[in-house]
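Quick one, fold the following:
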Amino acid sequence: MPSTTRTHTAIRRSLAVAGLLVLVALAGCGTDESGSSTSTTAAETTTTTVAAAPSTTAVAAAPPCPGTPVQVVVSVDQWGDIVEQLAGACAEVTTIITSSALDPHDYEPSPADIASFGDAELVVVNGCDYDHWADETARELDPRPVIVNACEVVGKGDGDNPHVWYGPDFVVAVAGAVTEQLQSVLPSVGTYFPDRAAAWSASMQGYRDEIARIRTEFPGRTYAATESVFDYMGDALTLENTTPEGFARAAANETDPSPGDVQAFDELLTGGGASVLVYNVQTEGSIPQQVRGTAEGAGVPVVDVTETVAEGATSFAEWQVSQLQALRRALSGGG
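Residues are numbered from 1 along each chain as shown. Okay, the predicted model is just below:
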């Protein structure tokens, strides 16, 4: 990983209900802000590792689809699980990148990947130049499928932090957009998709609870990070990001920070300038490892996070809750 779209009035009404179900249920957050796989339907020492079996609620089993399932392609697994849950049995969902060993930024789709887009009626991409190959492939199709671009949904674009799946409000907005477009592509199934949205929302309660708990218990606490993957969540948690500006800028630009930037990070950690270090374990290179070593030597808890869904996680919610629980333990000093 780097270091550095036919709706009638009745359909609109059902979409409005779906949106309200999701937004009301998720408002409790109080926030501001591969190989391919097909489906029908990690981080504590003074490192804090992902705990096993977090308290999350499984999504209610999807009932049979009362229509012909639509074909959906998702670029990356950060959104793949959410789309599968929202679609239920009324879509065949293919997620292109499901391996943490592949970098979406630089990924070159195989002929098989390109072929999987061929019958797509809906394509979900991340955007912000994170997976440009998927957006470009979808836009070249004739007929062009409906495209949900997560970054566009939340008002972000090229040059912005692409890790929008780490923003709780962003996750809600993208889920709402996916539900809307599923309904527009397959309106004959009535309230099926709004019902799936409600079930998914219920399954996210543990995620909302963990966010609310950290916001309540640790307002204004500080963190530093080896890259920007966690920043939207940090904002949602009202944590203060004290990562040295030069280091953060270099990581965002996928370049090596200067020696002065690294020294500034070391001094921050040894000087008590961060309550925890958030470390993307999928980041490559000696510099992030050096920063980690400095944190560990200084007794600063290290909270491991991943850019893609963690190995062994059965859902987006489980993945995120595990990381949030690890963060909470680190902030409370319970390594």
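
domain assignment for this protein?
Annotated domains of the chain cover 9-41+63-208, 218-331 [automatic domain parsing].

Is it possible to get TSV of the ones you listed that adds mean neighbour count?
All C-beta atoms are positioned from the backbone trio N, CA, C, and that covers glycine. Below are those laid out as TSV (neighbours: other CB atoms under 10 Å):
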stretch	mean neighbour count
domain 9-41+63-208	20
domain 218-331	20
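
Which one of those domains has the poorest average confidence?
Lowest mean pLDDT of those: domain 9-41+63-208, a mean of 85.

where's that one relative to the chain centroid, distance-wise?
11 Å (CA atoms, centre = their mean, to the nearest Å).

ok, which stretches of the stretch 101-250 of the chain are helices?
All helices of the stretch 101-250 of the chain, identified by DSSP state H, counting those that start in this stretch, fall at 111-116, 132-139, 150-153, 168-185, 192-203, 205-217, 231-236, 245-252.

mind checking which of the ones you listed is nearest V123?
V123 lies closest to helix 132-139 among those, at 4.2 Å (CB to CB).

Quick check: closest non-adjacent residue to Q320.
Once flanking residues are discounted, Q320 sits nearest to Y207: 5.5 Å by CB to CB, 6 or more residues apart in numbering.

what's the one you found in contact with, if anything?
The contact partners of Y207, taken as CB atoms under 8 Å, 6 or more residues apart in numbering, are 56, 168, 317, 320-321, 324.

before we move on, what about G67?
Contacts of G67 by CB under 8 Å, 6+ apart are 90, 186, 188-189, 192.

hmm, 10 Å instead?
Taking CB atoms under 10 Å, 6 or more residues apart in numbering as the criterion, G67 is in contact with 89-90, 186-190, 192.

any idea how far G285 is from T226?
Shown here: G285 relative to T226, a distance of 9 Å by CB to CB, to the nearest Å.

gap between stretch 198-218 and the chain center?
Taking CA atoms, centre = their mean, one finds the center of stretch 198-218 at 15 Å from the center of the full chain.

Now render the contacts of G67 as CSV, adding distance to L331.
Formatted as CSV, these follow (distance: CB to CB, whole Å):
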residue, distance to L331
A89, 41
C90, 41
L186, 44
P187, 46
S188, 49
V189, 44
G190, 45
Y192, 41
